[in-house]
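Participant: take a look and give me a structure for this.
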Amino acid sequence: AFKPIYVAGVSRTTEASISDAVEDYKLPRTRTIRYMDVGNLALQVLENRIDKCILMKKSVKYGTCAAEAVLLAAGAAVTDIEGKRMKYDAEASPTNGPLVVTNDPKEHIQTVKIGKFFSSML
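Facilitator: Coordinates of the predicted model:
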């Protein structure tokens, strides 16, 4: 069964804009969730409750590092909204995100493109 793309960490206004864009541009079915942190997202993906998620809010890098490691070890794909891996070195930004996570790496590039489109609307 097809599972929707989850878009998490959005405001009520953003939620409405995303719903309109999905309809107007015939994008894949999307479900918005206002509140979700990186740890909860990782757990939902690992339990196969979510296949594809775009976490629109930024997260501190110490909040993303463990979740990213576990997701990558499980075979998931994890990048920022540009499709690039997160950076954790001393020169890196103290925050990561927005994040794109997919259970199937083959679907990751398409999900990144949709995430970039949503991000450009905000």
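Participant: alpha carbons of the helix or strand A21 falls within, as CSV, please.
Facilitator: If you go by DSSP states H and E, A21 is part of helix 12-24. These are the backbone C-alpha positions of helix 12-24, laid out as CSV (Å, rounded to 0.1, in the frame of the first residue of the first chain):
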residue,chain,number,x,y,z
ARG,A,12,-0.9,26.0,10.7
THR,A,13,-0.4,28.5,7.9
THR,A,14,2.3,26.3,6.3
GLU,A,15,0.1,23.2,6.6
ALA,A,16,-2.6,25.0,4.6
SER,A,17,0.0,26.1,2.0
ILE,A,18,1.3,22.6,1.6
SER,A,19,-2.2,21.1,1.2
ASP,A,20,-3.0,23.7,-1.5
ALA,A,21,0.3,23.0,-3.3
VAL,A,22,-0.3,19.2,-3.3
GLU,A,23,-3.7,19.7,-4.9
ASP,A,24,-2.6,22.5,-7.3
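Participant: in the protein, which spans are strands?
Facilitator: 5-8, 30-33, 52-55, 59-60, 77-80, 95-96, 99-102 (DSSP state E).
Participant: with just CA atoms, put the second one into PDB.
Facilitator: So the one you mean is strand 30-33. Taking C-alpha atoms only, strand 30-33 is exported to PDB below (Å, rounded to 0.1, in the frame of the first residue of the first chain):
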ATOM      1  CA  THR A  30       1.000  14.300   1.800                       C
ATOM      2  CA  ARG A  31       0.200  14.200   5.500                       C
ATOM      3  CA  THR A  32       1.300  17.200   7.600                       C
ATOM      4  CA  ILE A  33       2.200  16.900  11.300                       C
END
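Participant: quick one: pLDDT of D20?
Facilitator: We note a pLDDT of 89 for D20 in this prediction.
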